[in-house]
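**Q** I'd like to go over a predicted model; first the sequence, then the structure.
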Amino acid sequence: GDSVTQMEGPVTLSEEAFLTINCTYTATGYPSLFWYVQYPGEGLQLLLKATKADDKGSNKGFEATYRKETTSFHLEKGSVQVSDSAVYFCAWGRRNTPLVFGKGTRLSVIA
Amino acid sequence: DAGVTQSPTHLIKTRGQQVTLRCSPKSGHDTVSWYQQALGQGPQFIFQYYEEEERQRGNFPDRFSGHQFPNYSSELNVNALLLGDSALYLCASSLEVAGGLTEAFFGQGTRLTVV
């Protein structure tokens, strides 16, 4: 059925390291793809999105490219900071349907 | 713009009790969705309200019910609480436009603990 699979965490990196969080999805048609971030004790914030194949979403140094052929939307950042420590959720959605989320990947960045 | 606001932020209830959670959508939004996020899991869709009616529902029992008011604010009610209902409850708002909904904005959530 419809789902999102993310790499399991926690992921622990040193400051300025390169980050990749893998995400693949199962859905019919061409959904929009999202990455949300949840800082400790807070709700979800939209980090970036892509609405069609080959689109690249980007924000705050994070990037993800909508790959229809591999049904993937991997999150990357070239140089992480301590302030990036949070839980990251991959999700897909269509207009008039609820969002389908992955289980989340916890990132800890150490100075 | 206050964004999506939820109340209360935390509460503790006893098994078998009933609870009501509240959500005010982002200014200009008319659609409210509720999600349950269990510890260590991603959010799961409970239901969505538009024009004061439940429009879609996820795989949750009838103990979960809701309401939307004319000002678009919404309540989530859970009856006969179980320990397994302990979770972060998230409200998301969006705007109904031609062709569907705009992007969803989330509130900070209500942390419910059932003891």
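**A** Thanks, I have it.

**Q** What parts of chain A come near chain B?
**A** Proximity of chain A to chain B (CB under 8 Å from any CB of the partner chain) is limited to residues A:4, A:36, A:42-46, A:49, A:89, A:91, A:93-104. C-beta coordinates here come from the backbone N, C-alpha and C atoms, glycine included.

**Q** out of those residues, which are inside helices?
**A** By the criterion of DSSP state H, membership of the residues of chain A next to chain B in helices covers no residue at all.

**Q** Which among those count as buried?
**A** Among the residues of chain A next to chain B, those scoring as buried are A:4, A:36, A:43-44, A:46, A:49, A:89, A:91, A:93-94, A:97-104 (criterion: 16 or more other CB atoms under 10 Å in any protein chain shown).

**Q** What is the least confident helix or strand in chain B?
**A** Each helix and strand of chain B was given a mean pLDDT (mean pLDDT, DSSP states H and E); the minimum falls on strand B:100-101 at a mean of 62.

**Q** measure stretch A:86-101 end to end?
**A** The straight-line separation of the ends of stretch A:86-101 (CA to CA, to the nearest Å) is 16 Å.

**Q** and it, how far out from the chain's middle?
**A** Relative to its chain's centre, stretch A:86-101 lies at 10 Å (CA atoms, centre = their mean, to the nearest Å).

**Q** repeat for stretch B:71-88
**A** For stretch B:71-88 - counting by CA atoms, centre = their mean - the centre lies 7 Å from the chain centre.

**Q** roughly how far apart are B:G3 and chain A?
**A** Applying CB to the nearest CB, to the nearest Å, the value for B:G3 to chain A is 9 Å.

**Q** so how many other residues sit close to that residue?
**A** Number of residues near B:G3 (other CB atoms under 10 Å in any protein chain shown) recorded here: 15.

**Q** Wait, it touches B:G107, no?
**A** Yes: in this structure, B:G3 is within contact of B:G107 by CB atoms under 8 Å, at 7.3 Å.

**Q** Under the pLDDT cut-off, which ranges of chain A? List them.
**A** Across chain A, not a single residue meets the criterion (pLDDT under 70).

**Q** In it, which residue sits closest to chain B?
**A** Nearest residue of chain A to chain B, counting by CB to the nearest CB: A:R95, 2.3 Å away.

**Q** from what I can see A:T12 touches A:I110, true?
**A** Yes: in this structure, A:T12 sits in contact with A:I110. The criterion is CB under 8 Å, and the distance is 6.6 Å.
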